[in-house]
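Asker: heads up, no residue letters with this:
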């Protein structure tokens, strides 16, 4: 069996060594005579897994003690509702900077709870750039300012942490967390569904500045309360233990490979190779995002003639390159090249694209 | 490697054949050249998994078309909040029948949203019996009546579906779903965290009568809306695909073993053997639950001298019987004997208990 290069946007490719280890431990976790998926979340085996996962993520991302780390069930969409419930008083204004599909989703989830102010909206430009910060209409005393660090569908990424003044900056990092060094201290909340750049689906990571846990927020069920989750070490109820365990294996793999500095270098090379192939194709392929806002992680691109799309996808699959179909909202193609996508995978895609152009150009 | 008999209350033991299949498919799901955990939830591979899982669960539990089946992230505790948000108007009364720890939890999650009426409370009797239905103080026009079908900690189980009049009956079946035949049509909502009797942690099953999806409920985030999840086939956002896949394997295993009728027979034999050993020990072991309310799934028991507890647990582990320590709220021991616990496991426990008593009695 040769595994394909899998460009899925999420659930996404995992390091093969992580899958192999998980497979080897699946029936008997390190002599426990049971699978880690069968063991109590409060027992010594899983407590070790959970503790190491948090410690490793803190090392990997240089997360300061000022910030708590939560491992929660549900995806980023759930967090988009929970952060409004936890960080804003009923009816308080929250600022949203919209740079793609997921920013719009974030607003929909928050709208029942906060007065949403769209501080900037890239929709007018088809989400091909990030509105300049000088044009953002931020609100004095906003509960928080929300951005989407990387838009998975539109392929638009902040290259720098924006300066939003005193309001805490809340960022959806689902598709770019741990893609490179980041000054976590500048964020109030960083949240991410793990199924993109951290590997396994079914668990979210929420990194939250501890003083924000003291906000009253909305009347809410205890299970929706970040502070309670933090106090309980993310074990307020039974957490998704197997997913958490897999994320922990991915963290260890990232550290062993050289940490976020090394992944920043690899990701820069991968993105340069792929955008270079697109830009150098003389219009056979095109990416429409402003160069300064192009995502390192998700590269949407279009063939000059969309009648070729089906052939491209079929031949790519034949060549061992899968999940290149673009999101239904945009059409075309999309290559997601997260940390776990090896450079060889991008090189194979670039080679295939060149060959396809020769045969169909 | 010999796997232990694992009596954990949840996360709990999985059928070994399910773990073996998951392990064999982990790097390459049936020729897809990627793991099922790496594939898009909207792709043909996972859509097949999802569709079969629902169909198999419908067959297994004889779920009528009148009821929708949701596969959601988060555990039962999350559902305890969501059902109040979805089924009750703000401030409307909901009746709760409390027969143990989880009934109390259900109230805590709902209390921010509904006027909770405790219709009956077994706490006065130490949760050793179910308050007689004739004593329940139900509310005319209640949004719903909530019961916990099986209390995992206290080992108290409803042997029959209670008659609660016109209000929809909502039941937490986390630890007894699919333990035997059930008339699903008599329930408004059946919900269950899967990590007990359905196998994998990280996904919940919610079976909801379709007319209840039309209730207005509370203003809430779209991600908290049962009707939207139902319309989207539980793919409103990225679901916990690997957990859902594992649950599907467990459903197929249950069907192949003979379905809920067969598990009802096995579970009756397992419970009879274990309670028989306790009751026949002349007081060396004791279970304090009224015979008519004893759980088939979770058997809490105490040694006559709790100074022996540590020795019991250590010797049991040595004998390949793990996770017998009782919940911290009760102390003592607890043996969870879900569908996936083979009869041989219970026989081994009974034999060990007899031997232990001989040596320490």
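Answerer: That came through fine. Since we're looking at a predicted model, the values are computed, not measured. Numbering: from 1, shown residues only, chains lettered A, B, ... in the order given.

Asker: now do the buried residues in the lengthiest helix in chain A.
Answerer: As assigned by DSSP state H, the longest helix anywhere in chain A is helix A:259-279. Within helix A:259-279, the residues that qualify as buried are A:259-260, A:263-264, A:266-267, A:270-271, A:273-275, A:277-278, counting by 16 or more other CB atoms under 10 Å in any protein chain shown. All C-beta atoms are positioned from the backbone trio N, CA, C, and that covers glycine.

Asker: what residues does it touch?
Answerer: With contact meaning CB atoms under 8 Å, 6 or more residues apart in numbering or on different chains, helix A:259-279 is reached by A:59-61, A:178-182, A:254, A:257, A:285-287, A:294-297, A:299, A:301, A:335, A:337, A:339, A:341, A:343, A:346-347, A:349-350, A:353-354.

Asker: rerun that using 6 Å as the cut-off
Answerer: Residues outside helix A:259-279 that contact it (CB atoms under 6 Å, 6 or more residues apart in numbering or on different chains) are A:178-181, A:285, A:287, A:296, A:299, A:301, A:337, A:339, A:343, A:346, A:350, A:353.

Asker: with stretch A:175-185 instead?
Answerer: A:60-61, A:63-64, A:149-150, A:152, A:192, A:196-197, A:260, A:264, A:267, A:296-297.

Asker: could you list the contact residues of chain A toward chain B?
Answerer: A:1, A:3-4, A:6, A:8, A:11, A:13-14, A:19, A:23, A:26-28, A:33-35, A:38, A:40, A:73-75, A:77-78, A:81, A:108-109, A:112, A:195, A:201-202, A:219-223, A:237-238, A:240-241, A:243 (CB under 6 Å from any CB of the partner chain).

Asker: so which of the residues you listed sit within strands?
Answerer: Of the positions in the residues of chain A next to chain B, residue A:6 sit in strands, assigned by DSSP state E.

Asker: give me the buried subset of the residues of chain A next to chain B.
Answerer: The neighbour-count test (16+ other CB under 10 Å) applied to those identifies A:3-4, A:6, A:8, A:11, A:13-14, A:19, A:23, A:26-28, A:33-35, A:38, A:40, A:73-75, A:77-78, A:81, A:109, A:112, A:195, A:201-202, A:220-223, A:237-238, A:240-241, A:243 as buried.

Asker: mind listing what's buried along stretch A:84-104?
Answerer: Buried positions in stretch A:84-104, judged by neighbour count with 16+ other CB under 10 Å: A:84-88, A:92-104.

Asker: mean confidence score for it?
Answerer: Averaged over stretch A:84-104, pLDDT sits at 97.

Asker: pick the one among the buried residues of helix A:259-279 closest to residue A:214.
Answerer: Nearest to residue A:214, judged by CB to CB, of the buried residues of helix A:259-279 is residue A:260 at 29.6 Å.

Asker: tell me the strands beside the helix or strand containing residue A:192, with direction?
Answerer: Taking DSSP states H and E as the criterion, residue A:192 maps to strand A:189-193. Strand pairing for strand A:189-193, determined by DSSP bridges: strand A:169-172 (parallel), strand A:204-209 (antiparallel).

Asker: contact partners of the longest one?
Answerer: If I follow you right, that is strand A:204-209. A:63, A:66-70, A:72, A:75, A:79, A:188-193.

Asker: distance between it and the chain's centre?
Answerer: From the chain centre to the centre of strand A:204-209 is a distance of 12 Å (CA atoms, centre = their mean, to the nearest Å).

Asker: next structured bit after that strand?
Answerer: Criterion used, DSSP H and E; the element after strand A:204-209 is helix A:226-231.

Asker: who touches that following helix?
Answerer: So helix A:226-231 is in contact with A:68, A:70, A:86, A:213, A:222, A:236, going by CB under 6 Å, 6+ apart.

Asker: check contacts around the third one.
Answerer: To tie it back to what came earlier, the one meant is residue A:86. Contacts of residue A:86 by CB under 6 Å, 6+ apart are A:217, A:226.

Asker: and what about it, helix, strand or coil?
Answerer: Secondary structure, DSSP: H, G, I helix; E, B strand; the rest coil: residue A:86 is helix.

Asker: just the buried residues of stretch A:283-299, please?
Answerer: Buried, per 16+ other CB under 10 Å, within stretch A:283-299: A:284, A:285, A:287, A:288, A:289, A:293, A:294, A:295, A:296, A:297, A:298, A:299.

Asker: dump the residues you listed to CSV, plus pLDDT.
Answerer: Listed next are the buried residues of stretch A:283-299 as CSV, based on pLDDT from 0 to 100:
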residue, pLDDT
A:284, 98
A:285, 98
A:287, 98
A:288, 96
A:289, 98
A:293, 98
A:294, 98
A:295, 98
A:296, 97
A:297, 98
A:298, 98
A:299, 98
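
Asker: with distance to residue B:130 and pLDDT as new columns, can the buried residues of helix A:259-279 be given to me in CSV?
Answerer: Formatted as CSV, these follow (distance: CB to CB, whole Å; pLDDT from 0 to 100):
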residue, distance to residue B:130, pLDDT
A:259, 56, 98
A:260, 55, 98
A:263, 56, 98
A:264, 60, 98
A:266, 60, 98
A:267, 59, 98
A:270, 61, 98
A:271, 62, 98
A:273, 66, 98
A:274, 63, 98
A:275, 66, 98
A:277, 68, 98
A:278, 67, 98
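
Asker: what are the ranges of the helices in chain A?
Answerer: Using DSSP H, helices in chain A cover A:16-25, A:44-61, A:76-87, A:101-110, A:226-231, A:241-257, A:259-279, A:309-318, A:343-360.

Asker: next, the angle from the fourth one to strand A:189-193.
Answerer: Angle of helix A:101-110 versus strand A:189-193, following axes from the mean of the first three to the mean of the last three CA atoms, to 10 degrees, is 110 degrees.

Asker: helix A:101-110 packs against which elements?
Answerer: If contacts are counted by 3 or more CB pairs under 6 Å, 6 or more residues apart in numbering or on different chains; DSSP states H and E, helix A:101-110 sits against helix A:76-87, strand A:145-148.

Asker: ok, which of the ones you listed comes nearest residue B:310?
Answerer: Per CB to CB, nearest to residue B:310 of those: helix A:76-87, 40.7 Å.

Asker: can you give me the offset of the closest one from its chain's centre?
Answerer: The chain centre lies 16 Å from the centre of helix A:76-87; the measure is CA atoms, centre = their mean.

Asker: stretch A:137-154 too?
Answerer: 15 Å.

Asker: and it, which residues are buried?
Answerer: A:138-139, A:142-154.

Asker: and which of those is nearest to residue B:122?
Answerer: For those, the nearest to residue B:122 is residue A:143 (42.5 Å; CB to CB).

Asker: was I right about that closest one contacting residue A:90?
Answerer: No: judged on CB atoms under 6 Å, residue A:143 makes no contact with residue A:90 at a distance of 10.5 Å.

Asker: which of the contacts of helix A:226-231 lies closest to chain B?
Answerer: Distance to chain B across the contacts of helix A:226-231 (CB to the nearest CB) is lowest for residue A:222, with 5.8 Å.

Asker: quick one: contacts for that closest one?
Answerer: By CB under 6 Å, 6+ apart, the contact set of residue A:222 is A:228, B:108.

Asker: and it, how far is that from residue B:109?
Answerer: Residue A:222 sits 6 Å away from residue B:109, going by CB to CB, to the nearest Å.

Asker: before we move on, back to that, and the longest helix of chain A, how far out from the chain middle?
Answerer: Here the centre of helix A:259-279 is set off from its chain's centre by 17 Å, with CA atoms, centre = their mean.
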